[in-house]
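A.B. asks: Below: sequence and its predicted model.
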Amino acid sequence: MKITICLSILCVVLLLVPPISIAGGAGGLRRNAEMTQAFNEGRPPADYRYYSTGRNRAPDAIIGLKPPWRQTARFWREIDLESQDLNRLIRSVMRNNQNAPEAFDIVDPDGEVIGVYWSTLLWPRVTVRGEYDVQVFKPREPLWR
């Protein structure tokens with residue numbers, strides 16, 4: 001009986017160790033009420049590099065990254081600030097069940113703020129890969145909504 005319990009515990013530990021070690025490059029999101037207010041007032045950070053995903057005129061999400069950070073995940077387009085109005089895109093982010101978009105700090109694994117995420121879809125995966133290379137994976141709507 002004791003051997004079975006010990007083997008069960010060992011199996012659980014062995015199954016959990018690889019995901020924990022892989023998560024070393026995981027970044028994340030941290031809610032930022034002041035940034036939400038800034039976006040709502042049309043005052044996003046001016047010195048960031050911006051990307052959008054989803055429709056061209058009504059994106060699902062917008063991210064802004066501090067230089068020299070860059071987004072390398074698929075399905076994101078860099079926003080050309082010379083030819084597109086960032087504030088118009090911010091106001092036209094798709095609504096999810098009539099929820100208003102919110103701003104979140106994008107943080108690296110050390111908790112340092114590297115950018116901002118603006119959307120109604122609040123569960124993207126953030127991965128830091130290499131120096132100044134971040135991947136924010138477009139979230140999907142959950143099935144239970």
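C.D. replies: Sure, I can see it.

A.B. asks: what's the distance between residue 47 and residue 92?
C.D. replies: Distance, residue 47 to residue 92, by C-beta to C-beta, to the nearest Å: 23 Å. Bear in mind the C-beta positions are built from the backbone N, C-alpha and C, glycine included.

A.B. asks: oh, I was asking about residue 109
C.D. replies: Counting by C-beta to C-beta, the gap from residue 109 to residue 92 is 32 Å.

A.B. asks: Neighbour count: the two, which is higher?
C.D. replies: Shown here are residue 109 and residue 92; by other C-beta atoms under 10 Å, residue 92 has more neighbours (17 against 14).

A.B. asks: ok, and the closest non-adjacent residue to residue 31?
C.D. replies: Once flanking residues are discounted, residue 31 sits nearest to residue 104: 5.6 Å by C-beta to C-beta, 6 or more residues apart in numbering.

A.B. asks: I meant to write residue 137 there.
C.D. replies: residue 125 (4.4 Å).

A.B. asks: Let me see the confidence value for that neighbour.
C.D. replies: Looking at residue 125, its pLDDT reads 90.

A.B. asks: how near is it to residue 103?
C.D. replies: 18 Å.
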